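# Predicted structure and sequence below. I'll ask about it afterward.
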Amino acid sequence: MSGKVVVPVERLEAASVVPIAVAVADVLGATVTRAPAGDDAVLGALSKPDTVLGVVPRDHHSSWTIAAASARPVILVPPMRLGVPAAVSRVLVPLDGTADSARAVADVLALLTHANVDLVVLHVFDESTVPPFWDQAAHARHGWEQEFRKRFCTPEDVRLELRSGRLGEHVNQVAADERAHLIALGWSQRLDEGRARTVRETVRGARVPVMLVPLARS
């Protein structure tokens with residue numbers, strides 16, 4: 001594919017941003033471009049048809065503002081001291097089992113698959129969603145997994161990791177266990193009180209960049 005990965009020009013002092021932007025651009029066959037200074041200019045660059053995504057430092061004061069208003073996915077990059085990867089060959093994709101979250105990351109999954117990136121999908125059961133047969137025959141679990149892949153994963157042969165508890169408790173640990181270079185999360189872009197709990201928790205504790213992919217807006 002062709003396209004642009006946008007990096008805000010005034011934040012190039014955050015040395016971790018450029019390497020991950022270049023790494024993602026290399027994977028996607030895109031080019032890195034510097035947006036003019038100012039949040040409005042950055043959002044304008046992110047709204048252009050040829051823009052694939054943006055990359056900003058996680059801890060900059062307006063990073064969440066940009067991510068919440070962006071028409072494209074935005075990667076929030078942790079400080080360099082946490083070890084930002086120089087390449088992207090494995091991506092963790094948490095899915096909550098809803099059609100909205102699956103649709104949000106479908107295009108990203110397709111792009112990464114086309115680029116031969118190793119994808120690991122994480123699904124976490126809570127008390128209300130764990131199947132009643134979970135501790136029974138192995139074929140029942142296999143059947144559930146096949147149905148989950150069919151409904152929510154494209155392609156259907158991605159590796160699936162299952163956990164129980166809260167999603168936010170597991171994302172970063174699984175990312176570390178799997179040595180993922182990037183986490184891709186669908187989100188509503190809503191930052192009001194009580195919203196985006198898992199997203200905030202994941203981004204805050206992540207030691208790798210987190211790509212926030214907007215849900216389709218109604």
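Great, that's in hand. Because the structure is predicted, anything quoted here is derived from the model rather than measured.

# All the helices of this structure, in order from the start?
17-28, 39-46, 63-69, 99-114, 138-152, 167-177, 197-205 (DSSP state H).

# quick one: residue 111 from residue 196, how far?
24 Å (C-beta to C-beta, to the nearest Å). For every residue, glycine as well, the C-beta is placed using N, CA and C.

# Likewise for residue 182?
Applying C-beta to C-beta to residue 182 and residue 196 gives a distance of 19 Å.

# tilt between the helix or strand of the chain with the lowest mean pLDDT and helix 99-114?
Lowest on mean pLDDT, DSSP states H and E among the helices and strands of the chain sits helix 138-152, with a mean of 77. Angle between the axes of helix 138-152 and helix 99-114 is 90 degrees (criterion: axes from the mean of the first three to the mean of the last three C-alpha atoms, to 10 degrees).

# and helix 138-152, how far out from the chain's middle?
23 Å (C-alpha atoms, centre = their mean, to the nearest Å).

# go on, stretch 151-162?
15 Å.

# That one spans what distance, first to last residue?
16 Å (C-alpha to C-alpha, to the nearest Å).

# Give the buried residues for that stretch.
152, 153, 158, 160, 162 (16 or more other C-beta atoms under 10 Å).

# ok, residues contacting it?
93, 95, 97, 99, 101-102, 106, 109-110, 113, 118-125, 145, 148-150, 174, 178 (C-beta atoms under 8 Å, 6 or more residues apart in numbering).

# Just the buried subset of these, please.
Taking 16+ other C-beta under 10 Å as the criterion, what is buried in the contacts of stretch 151-162 is 93, 95, 101-102, 109, 113, 118-124, 148-149, 174, 178.

# Now do the same contact list for residue 124.
94, 96, 162, 163, 164, 165, 166, 167, 169, 170.

# what residues does stretch 184-198 touch?
Everything outside stretch 184-198 that qualifies as a contact, by C-beta under 8 Å, 6+ apart, is 64, 67-70, 73, 91-95, 100-105, 108-109, 112, 166-168, 171, 199, 202, 210-215, 217.

# Show me which positions of it end up buried.
Across stretch 184-198, burial judged by 16+ other C-beta under 10 Å covers 184, 185, 186, 187, 189, 196, 198.

# Could you tell me the end-to-end distance of it?
Start-to-end, stretch 184-198 (C-alpha to C-alpha) is 12 Å.

# likewise stretch 55-75?
End-to-end for stretch 55-75, by C-alpha to C-alpha: 5 Å.
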